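S.K.: Okay, predicted coordinates and the sequence, questions at the end:
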Amino acid sequence: MRIKLGVIFLLLACLLPGKPGWAGAEDEQERPWRVGKVIIEGAENINTASIIEVMENKPSSAFTFLPAPEFSYLAMERDRESISNLYKMNGYFNVRVRVSPGYRHETRLVDVTVTVRENDLFHIRQAELILPKPEDEVWRGVLWEMIGQEPGQPMLMEAYSASKDAILTYMTNHAHPLMRMESQVLIYRDTHEAVPRFLIDPGPEIKFGQAQIINHSTVKDNFILERLTFIRGEAFSSERLKDSQQVLSNSGVFSSVTLTPVYDQKEGDEVPIAVEVYEAAPHSLALGLGYGTEENFRVQVSQVNRNMLGLGDIITVSGKYSSLYLGLSGNLGIPLYSRHALFDLYGGARETDNESYSERSFFISPSIVLTPDDNWKFILGLKTLLTAVTDLEVKVPDPDYELSQHIINSFVLSAAYDTRDSALAPGRGWLAQLELEASSQALASNVAFIKAAASFSHIIPLIRDRWSLAWRAEYGIIMPMENTSRIPLVSRFFPGGSQSVRGYRYQNLGPLDGSGKPLGGESMVEASLELRFPLWGDLGGVLFVDAGNAYENYTDYSDGLRFTAGAGLRYNTPLGPIRVDLGYILNRPDYYSYEDYQFYLSVGQAF
């Protein structure tokens, strides 16, 4: 008992605050100095936020729940150099910067003061282009265009670097990969002028030689050769090498692809290209876990099999479970003769639990996928869907019709244009999608319709690419044809939710029955405008406005649009941002009986 009481006494002594006692004194000595405020003095031509962004000793967070960053005395000199370089990048070469600390001993915080003594902006006197050989003068016109440094312009190092990159890119893509470039900026401090100087030796003209396959795989050499985007004898282009590497990597059967010009084996003006590939593991297994407000906990397992048929094929089997979905699917992809074409066979079985009904379906869809370049994608295929509603919760005009088994056979044509820099967390770019589907009794379908859906989204970077403005618009319509008088629930539109119009419950935007269950629509409109901005570190925020509605009949849009607004947080992770949104309904319809707001938690941007 005495031992137990002694242990309890020691624990309490360590936890109690105050100076008396050895534990508190030791904690005080070990407590690190942290950055309090960062004070910028004398900066007029560069804003405070830009200066703080390049510093290591950043100010303490505005959020009380986040600790202030630790202070580093050694980092002050690096901060001084970083700030000086920031000014040079913006054309100020005579700037003096001093960084000094101010210690607050009672709180162990350090206030960092940055004192800047600015000077005049330097301007370009005249750019100089030097070509060592008379025969190289034919390049002067196009190289001047790449340089683009005009007299009187501010001497911005970013523009200077961009000129060098443009020259290098142009020459290596136009048969001159062995070009040499020496460049420097001459500074005249007395007149506040600068002379960017470029010495360029274009070097010999180079053509593609024979492809030398170094194959560490069971894939046939012809499979590799057919996917090369260059031809022997044509002008060398580093972009063609990059494209070839991308095509081979995207095939999915290689773990590593390297294309290297072998200059020491050059014959005449032709340089052979060594293509070295290593085969990916024939089988792999992936497990994915997640959580979302609508699906709740979800788990997905995928098993990938590579080159099982010896055709560069990929066979994938996937299973997924959540509170809304249970399904098993398989996918077979076989590259066709063209490197831009793929035969795709997708099929499986699923059970879905929707707001108005539950469904059990079997599906299969063969298609041809065309990818002419990195941005465009076209799909032409057939779709067969055998579906039955197993639990009908909404009051519809003909329950027996909804509960009957439907066989839907249709032609599908889709096109997509994607320039985004990331699928999970895009910071810029366009995504445009169009899909057309036609079902007919001539295809042995007992439901006939024409369906079209189009969507557009655009992310516009703002303020040093850390802020962005994103917008999207989507429209869908399905028209009954032939003897079909009503589109079944399984083919109707059900907007509302975390990736639709935020503020409404999942699938609950649009016409509802007397009990508040969604009826779905034959047409649907959605739009969003979202401002994305940084808060602290990997934490960001958004402000958004959404609009949309579903319409029971595709010819009647009298119910207008419903608007919502809200805010959210984004925490960036390697797997995509964790998203928290709160949406509020601005013009709530009288027939909508749920809350005026909805809270959402999920992974990935809303669009």
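M.R.: Perfect, thanks for sending it. What you see is a predicted model, and the numbers here were worked out from it, not measured in a lab.
S.K.: mind checking how far the residue nearest to the spatial centre of the chain is from residue 488?
M.R.: Geometric centre of the chain, nearest residue: residue 422, 2.1 Å, by Cα atoms, centre = their mean. As for residue 422, its distance to residue 488 is 37 Å (criterion: Cβ to Cβ, to the nearest Å). Heads up, the C-betas are built off the backbone N, CA and C, glycines and all.
S.K.: For the host helix or strand of residue 167, the averaged confidence score.
M.R.: Element membership of residue 167 [criterion: DSSP states H and E] is helix 157-172. The predicted model assigns helix 157-172 a mean pLDDT of 95.
S.K.: From the rest of the structure, what touches that helix?
M.R.: The contact list for helix 157-172, computed with Cβ atoms under 8 Å, 6 or more residues apart in numbering, reads 88-91, 142-143, 146-149, 153, 177, 179, 181, 183, 185, 196, 198, 200, 202, 236-238.
S.K.: which residues in the stretch 1-150 of the chain form helices?
M.R.: 2-15, 22-30, 48-53, 75-89, 140-147 (DSSP state H, counting those that start in this stretch).
S.K.: Could you list every helix and strand in contact with the last one?
M.R.: In terms of contact count using 3 or more Cβ pairs under 8 Å, 6 or more residues apart in numbering; DSSP states H and E, helix 140-147 is assigned the packing partners strand 128-130, helix 157-172, strand 193-201.
S.K.: would a markdown table of the ones you listed with distance to residue 222 be doable?
M.R.: Shown next, in a markdown table, are the helices and strands packed on helix 140-147 (distance: least, Cβ to Cβ, whole Å):
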| stretch | distance to residue 222 |
| --- | --- |
| strand 128-130 | 46 |
| helix 157-172 | 29 |
| strand 193-201 | 39 |
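S.K.: Of those, flag the one that's most buried.
M.R.: Neighbour counts (mean count of other Cβ atoms under 10 Å) averaged over each of the helices and strands packed on helix 140-147 peak at strand 193-201, with a mean of 19.
S.K.: Now do that strand against helix 140-147, angle only.
M.R.: Strand 193-201 and helix 140-147 are oriented at 130 degrees to each other (axes from the mean of the first three to the mean of the last three Cα atoms, to 10 degrees).
S.K.: What part of the protein, helix or strand, is modelled with the least confidence?
M.R.: Using mean pLDDT, DSSP states H and E, helix 2-15 stands out as the lowest-scoring helix or strand of the chain, at a mean of 38.
S.K.: Give me the distance between the nearest residue to residue 352 once chain neighbours are set aside and residue 56.
M.R.: The spatial neighbour of residue 352 that comes closest, neighbours along the chain excluded (Cβ to Cβ, 6 or more residues apart in numbering), is residue 359 at 4.9 Å. With distances taken as Cβ to Cβ, residue 359 is found 56 Å from residue 56.
S.K.: of these two, who's got more company?
M.R.: A count of neighbours by other Cβ atoms under 10 Å puts residue 359 above the other of residue 359 and residue 56, at 19 against 14.
S.K.: Please name the bridge partners of that one.
M.R.: Beta-bridge partners for residue 359, by DSSP bridges, are residue 352, residue 389.
S.K.: and it, what does it touch?
M.R.: Contacts of residue 359 by Cβ under 8 Å, 6+ apart are 350, 351, 352, 387, 388, 389, 390, 490.
S.K.: From those, pick the one nearest residue 374.
M.R.: Nearest to residue 374 out of the contacts of residue 359 is residue 350 (Cβ to Cβ; 31.5 Å).
S.K.: Now do the same contact list for the closest one.
M.R.: Taking Cβ under 8 Å, 6+ apart as the test, what residue 350 contacts is 325, 326, 327, 328, 329, 359, 360, 361, 363.
S.K.: host element of it?
M.R.: Going by DSSP H and E, residue 350 is part of strand 341-353.
S.K.: List the buried residues for that strand?
M.R.: Buried positions in strand 341-353, judged by neighbour count with 16 or more other Cβ atoms under 10 Å: 342, 343, 344, 346, 348, 350, 352.
S.K.: Save those as CSV, and put in pLDDT too.
M.R.: Output for these, formatted as CSV (pLDDT from 0 to 100):
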residue, pLDDT
342, 92
343, 96
344, 97
346, 98
348, 98
350, 97
352, 96
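S.K.: want to throw these into a markdown table with distance to residue 427?
M.R.: Shown next, in a markdown table, are these (distance: Cβ to Cβ, whole Å):
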| residue | distance to residue 427 |
| --- | --- |
| 342 | 29 |
| 343 | 34 |
| 344 | 30 |
| 346 | 31 |
| 348 | 34 |
| 350 | 34 |
| 352 | 33 |
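S.K.: for those residues, which one is nearest residue 122?
M.R.: residue 342 (54.1 Å).
S.K.: List the contacts of the nearest residue to the closest one once chain neighbours are set aside.
M.R.: Nearest residue to residue 342, sequence neighbours excluded (Cβ to Cβ, 6+ apart): residue 369, at 4.4 Å. Contacts of residue 369 were listed using Cβ under 8 Å, 6+ apart, and they are 333, 341, 342, 343, 344, 377, 378, 379.
S.K.: Run a quick neighbour tally on residue 364.
M.R.: 14.
S.K.: Who's the closest spatial neighbour of it, skipping the chain neighbours?
M.R.: Per Cβ to Cβ, 6+ apart, closest to residue 364 is residue 347, 3.6 Å.
S.K.: quick one: residue 258 and residue 248, what's the gap?
M.R.: For residue 258, the distance to residue 248 - Cβ to Cβ - is 10 Å.
S.K.: Now do the shared contacts for those two.
M.R.: 275, 277.
S.K.: More neighbours: which of the two?
M.R.: Comparing residue 258 with residue 248 by other Cβ under 10 Å, the one with more neighbours is residue 248, at 25 against 12.
S.K.: pretty sure the more buried one is in a helix, no?
M.R.: Yes. Assigned with DSSP: H, G, I helix; E, B strand; the rest coil, residue 248 falls within a helix.
S.K.: what's the spacing between the helix or strand hosting residue 255 and its chain's center?
M.R.: Take DSSP H and E as the rule and residue 255 turns out to sit in strand 254-261. Offset of strand 254-261 from its chain centre (Cα atoms, centre = their mean, to the nearest Å): 25 Å.
S.K.: so what does the next helix or strand after that strand touch, helix or strand wise?
M.R.: Downstream of strand 254-261, the first helix or strand assigned by DSSP H and E is strand 270-279. For strand 270-279, the packing partners by 3+ Cβ pairs under 8 Å, 6+ apart come out as strand 207-216, helix 238-250, strand 254-261.
S.K.: Can you pull out the residues in contact with the helix or strand just after strand 270-279?
M.R.: Remark: after strand 270-279, the chain's next helix or strand is strand 283-292, criterion DSSP H and E. With Cβ under 8 Å, 6+ apart as the test, strand 283-292 has contacts from 297-306, 498, 600-603.
S.K.: one more time with 6 Å, if that's ok
M.R.: 297, 298, 299, 300, 301, 302, 303, 304, 305, 602, 603 (Cβ atoms under 6 Å, 6 or more residues apart in numbering).
S.K.: Using neighbour counts, trim these to the buried set.
M.R.: 298, 300, 302, 304, 305, 602.
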